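Peer 1: Build me a model:
(chains A and B)
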Amino acid sequence: MPEGGVIANDETVDQPQGRASHSLRHESAELHVAGAAAYIDDLPEPKGVLHLAPGLSTVARGRILSMDLDAVRAAPGVVRVLAAADIPGENDVSPVGKHDEPLLTSDDVSFCGQLLFVVVGETRAQARSAARFAKIEYEREPPVLDIAQAKAAGGDLVWRSLTMRRGDVEKGLNEAPRRLSGEITMGGQEHFYLEGQAAMAIPGEDGEMRVWSSTQHPTETQVMITHVLDLPSALVTVEVRRMGGGFGGKETQANAVACLAALAASLTGRPAKMRLDRDDDMMSTGKRHDFHIEYDVGFDDDGRIRAVDMTLAARCGWSADLSGPVTDRALFHADNAYYYPDVRLRSLPLRTNTQSNTAYRGFGGPQGIGGAERVIEEIAYATGLDPLEVRLRNVYASGTPRDVTPYHMQVEDSIAADIMKSLAKDSEYFERKQAARRFNADSRFIRRGLALTPVKFGIAFTATHYNQAGALVHIYTDGSVQVNHGGCEMGQGLHTKMTQVVMRELALDASRVRITATNTGKVPNTSATAASSGADLNGMAVLDAVTRIKTRLVAFAAEKWKVAEDAVTFGADGVSVGDRTIPFSELVKAAYFARVSLSSSGFYKTPKIHWDQDTGRGRPFLYFAYGAACSEVAVDLLTGEMRIERVDILHDAGRSLNPAIDIGQVEGAFVQGAGWLTTEELVWDSSGRLRTHAPSTYKIPGCSDRPRVFNVRLLDEAPNREETIFRSKAVGEPPFVHGFSVLHAISDALASIDDYRTCPRLDAPATPETILRCVARLRQAAGSRVASAPADG
Amino acid sequence: MRDAIRFWLGDELITLRDVGPTVTALDWLRETRGRKGTKEGCNEGDCGACTILVVRLSPEDGALQWNAVNACIQFLPMLDGAQVYTVEDLRDPSGALHPVQAAMVEQHGSQCGFCTPGFVMSMVAFRKRVASMDRSPTDAEIDDALAGNLCRCTGYAPIVRAMQQALDAGPDRFDTIEADIAQRLSALMDGLGASLEGAKGRVTTPASSDELAAVMAATPHARIVAGATDVGLWVTKLGRALPHVVFIGQTPDLNRIERTEAGVTLGAAVTWSRAEDALCALQPGMRETIRRIGARPVRNSGTVCGNIANGSPIGDGPPLLIAAGAQLLLRRGDVRRRIPLESFFIDYGVQDRAPSEFVEGVFIPLPEPGTRFAGYKVSKRFDQDISAVMAGFSLRIECGVVNDVRLAFGGMAGTPKRAAAAEAALLGRPWDEAALEKAREALAQDFTPLSDMRASAWYRLEVARNLLTRFHAETTGGTRVSVYTSATEAVDA
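Peer 2: The predicted model follows:
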């Protein structure tokens, strides 16, 4: 394979612009490198802007007996202190209408880090300093902190449990030649967007409120503000030009900060800004759900799965937030790429006295996939087959009876087997695996391991109504084009891809196309930029808007110059109208004088999808995105330290809209996924206080943690069989799953301790300590085997 | 004494008379100067989004030193006498992007872009350092240069590609004005200390160790700050007020590195970056662990003596230096004393230092011939992490038996501490498997470690024992035993 992130299949790299599949640079790249790209805290501050600092609970569960804020109010620079009683509307920011998430709490405390009050000060330093003077008395109750405690306490759920079933799982398990059961734990994950939560609100006339928020979901932020301020939506406008990273952490978690800024602005009549310090951000906002999965699997001697029964329990935190759909999506992916003949999957969204866990890249999908891959691994050790062989024997086969998911959707587009085989060949998986085994036989302290894992990821919001998008395109009389759409830019290159859609349709240079900030006043009622759907949904909406204007221009040109409409084509040199070539700007100007509308909205809704949670049946996804990763690691048996030596990834982005951006998504997602499963560990102490609340204690991957050799390739000639924007595929979340190849490679290295006879059952995150504990366990297994062996054996 | 702090910000000479001792460079740049390109990501020196360039003349040879530092934990008075550049200063006068910026654009090195200015500044600093090397940097050196900058989007691959491209690019705008910068900086070096007092607090920058002794005698409660890589967090995270700060980072005679036949003396203001080569000349075995203390921007500010004086049980320096037999130089008024470094650490939060007494330097002796030395750091993440266990081991064998051994650990107790029982188990015995096993067992007598978010007590003790095993393997088998070393060597080859 080519070295590095080479774009092997991009034949259009050197071609002129106006092509969709073109590695156009990020639209803000020059601003980024110059420090000129503005994030919320960089916006020019209006005169008299106030700054907010939060007061957070210091106990995990209990009641507030008294809240003495006099010293806070008396501190220098304090203009006002806001508490629950100051909220004119509804004191609730539950994004799912469950009314279980007060913006500011005045009585029951549900986790350590909960928002109790907010200081409004002349400077941020004064507000932060004053917040420390609060005197709060609590009546403490013992908190319920993790999945085990939540189960022991009766298993209070934040959302209904979902069950998916197909066939007769009991029968399947009982009749299978072999059967085993086990459990796997996967930790949570802090988003660690580099730009923390931030918002600025400016009050306008007659109750109007304009809010700039680092949010992935401007419409929801708008709606939450209207609840809190008791205003109609028409008075509140939310805007976001870009976020300094989101990853799901700003889908709902941006709302509280934006609401508080708007509340302060509304009550004081002055502009107000809130930007959380990193520690406050990590203490108060939700994260990826940690999961505990119990599995029972029946299979045959050839490693083929007969039946799977799984319970997927999640630590959801103190409120529902998005835990319902997140745990649902875990079930939707608990098959990963594998066919389960008889199956039952059950979710347990457990309430705990911790941060309210939320969306995070993959949205529960990766955790479900973690369960599937562990099942595969167990079968491999039980049968002595290579895990890759077990994967290939169980993979979905489209067009055969083995193509139905646990939610009764047919997998029509499975290419997982081909991708795995192709990657195994190109990465020399089997040869290198043998080499690692030879190395391990002679190596006392350092062991090597390899694994190749696939991903199949369903694309669409499982809440069907979210699968719609709007756009607004204006062409000005100089021929420049302004584009607005409902999606948000958080680094993923969405605006760049949208620019490319317009460039292709109108054959324009990038400099003629301007994407403006996402704004609820321009495109209303938008969906979150989430579920990998940004380009799929908004790309089609932009295309719709552009097509409408283009149709008018074609009709106008055909009539004016007396040619057939199909004789009007848009090219790099201008618009061909019969024999004439007219510069685009001139055509536009002529159309303007002829009173042709040069502006249009656009709209799109995803076809074919439906899902009925009551029956557990439907087609929740339009299509699946696929890929596979092969990782090799070295593990130190003395310390549990681990290093990723080489990674090869083959990923399916359909007909890529922008190969460079898509490869960037794959590389970044892989490292983020590997971080989740290795160094990133959330630790709460027994009182419920999160002890890993800053980068000094919470360790996301650094530069030296990237694989020493890192080959990423997009699948060649792989147009989406569904009619997506230019036949591309969504790319945000699926490659996150490639991190599992690292966890399984570590497991393979550790298995050498007991001569590959015991499934290491390595949990995540596989920190050095988790690895060393696994070493100790496997040594014990190996030792007892030696001890119990006959003397002559 | 001067009544002002002076430094160059880009092409502007800044003179500040009323400046609080603990206002951070980051807040001042963003809020007072409107330089919004420098970002706040963590406010504790861990993410690098706030990285700026601080240029000074080397105390050794007067050459320009281009240091990337974290503006979020750099107090403004610490910039006294420096040339400071932020991301806004990088463009060529013609408006062209700096070669590093251009490479980042061309290699798709930015996604969300928030960490990007900080990366760019670290990359510019690295380009300057590479320019003074007579070879191409290794991948490990690039990792090291970027270890203090976190990126959550890209997975780093395109940033490293951009770094490689930028290293091959032509000169930047600074190359042509180096002489001017040197002249500016020389002109600021008037040999005077500064003393500022106002509503925001009191700032003292002593011009000599004698002045520092006098200041501390007069105001024993003043807080001495060298690099602020620890004290900075007292302010940004704990909200502590420090009404009087004595900044010693630029005090000339505390910045000396003195080499004699007996060993090396590092003044109290010598940063880890400057100390690295001097220490590794004595003990090459320190290299890997010194390179993992904080990250480059932290080592460019943080000092060896600050790492000692703060008394932390998890500082990486003390175990290394204790193993090397270092002695601490303390001064109070005109009275100086010299103590074995390990005796400075009395208990958690308690050090052998009297009021108004201060650390003037640390002396590290030349090792006896035949001494085997190793430093080991074990943490969740390889770079820029706080140790779960830190170890410095020194051992000498004569006539087939161990006749000198120092086993020092961090993270295992309330202070950095020698493993007395384990040392006793080895002394006078052959360095064999049996002795190793005795020493491993004895560690349980030496230490009862804590469990916290970094590691459990079980892990700490197990790893401490296994590090002895690693030391034994490496000193008897001759090759390094580490996933990192083997990988690095493979990459470098």
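Peer 1: low pLDDT regions in the chain?
Peer 2: All of this refers to chain A. A:1-21, A:789-793 (pLDDT under 70).
Peer 1: look at chain B instead
Peer 2: Checking chain B against pLDDT under 70 turns up B:485-493.
Peer 1: what about the closest residue to chain B within the stretch 451-600 of chain A, how many residues close to it?
Peer 2: For the stretch 451-600 of chain A, the residue positioned closest to chain B under Cβ to the nearest Cβ is residue A:491, at a distance of 2.8 Å. Glycine gets a C-beta too; all of them are placed from N, C-alpha and C. Neighbour count of residue A:491, defined by other Cβ atoms under 10 Å in any protein chain shown: 31.
Peer 1: most distant residue from the middle of chain B?
Peer 2: residue B:399 (38.8 Å; Cα atoms, centre = their mean).
Peer 1: how close does that residue sit to chain A?
Peer 2: 29 Å (Cβ to the nearest Cβ, to the nearest Å).
Peer 1: That residue and residue A:622, how far apart?
Peer 2: Residue B:399 sits 78 Å away from residue A:622, taking Cβ to Cβ, to the nearest Å as the criterion.
Peer 1: ok, residue A:376 - contacts?
Peer 2: A:338, A:387, A:390-391, A:394 (Cβ atoms under 8 Å, 6 or more residues apart in numbering or on different chains).
Peer 1: In those residues, find the pair that's most separated.
Peer 2: A:338 and A:387 (12.1 Å; Cβ to Cβ).
Peer 1: For the stretch 201-350 of chain A, just list every one of the strands.
Peer 2: Applying DSSP state E, counting those that start in this stretch to the stretch 201-350 of chain A gives strands spanning A:209-213, A:236-240, A:272-275, A:291-299, A:305-317, A:342-351.
Peer 1: Let me know which of those strands is the nearest to residue B:390.
Peer 2: strand A:305-317 (32.5 Å).
Peer 1: so what strands line up beside that closest one?
Peer 2: strand A:291-299 (antiparallel), strand A:342-351 (parallel) (DSSP bridges).
Peer 1: Mind listing residues that contact the first one?
Peer 2: Right, strand A:291-299. A:147-148, A:172-186, A:305-315, A:330, A:334, A:342, A:367, A:370-371, A:374-375, A:378-379, A:382-383.
Peer 1: want to try a markdown table for the strands of the stretch 201-350 of chain A, with distance to residue A:743 and mean neighbour count as columns?
Peer 2: Shown next, in a markdown table, are those (distance: least, Cβ to Cβ, whole Å; neighbours: other Cβ atoms under 10 Å in any protein chain shown):
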| stretch | distance to residue A:743 | mean neighbour count |
| --- | --- | --- |
| strand A:209-213 | 35 | 24 |
| strand A:236-240 | 34 | 25 |
| strand A:272-275 | 35 | 26 |
| strand A:291-299 | 14 | 23 |
| strand A:305-317 | 17 | 26 |
| strand A:342-351 | 21 | 25 |
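Peer 1: list the contacts for the residue nearest the centre of chain A?
Peer 2: Most central in chain A under Cα atoms, centre = their mean is residue A:361, positioned 1.5 Å from the mean C-alpha point. Neighbouring residues of residue A:361 by Cβ under 8 Å, 6+ apart: A:247-248, A:669, A:672, A:732-733, A:736.
Peer 1: Let me see the contact set for the residue nearest to residue A:165 when sequence neighbours are not counted.
Peer 2: Distances taken as Cβ to Cβ, 6 or more residues apart in numbering or on different chains place residue A:344 nearest to residue A:165, at 4.5 Å, with adjacent residues excluded. Contact partners of residue A:344, counting by Cβ under 8 Å, 6+ apart, are A:163-165, A:169, A:308-310.
Peer 1: Now compare the residues you listed and name the two farthest from each other.
Peer 2: A:163 and A:308 (13.2 Å).
Peer 1: just to revisit the earlier point, distance of the residue nearest to the centre of chain A from chain B?
Peer 2: Using Cβ to the nearest Cβ, residue A:361 is found at 10 Å from chain B.
Peer 1: Quick check: which element contains that residue?
Peer 2: Element membership for residue A:361 (DSSP states H and E) is empty, with no helix or strand holding it.
Peer 1: how about it, phi and psi?
Peer 2: phi 0, psi 100 (degrees, to the nearest 10).
Peer 1: Please apply the same query to the one 5 residues further on.
Peer 2: Residue A:366 adopts backbone torsions of phi -60, psi -40, taken as degrees, to the nearest 10.
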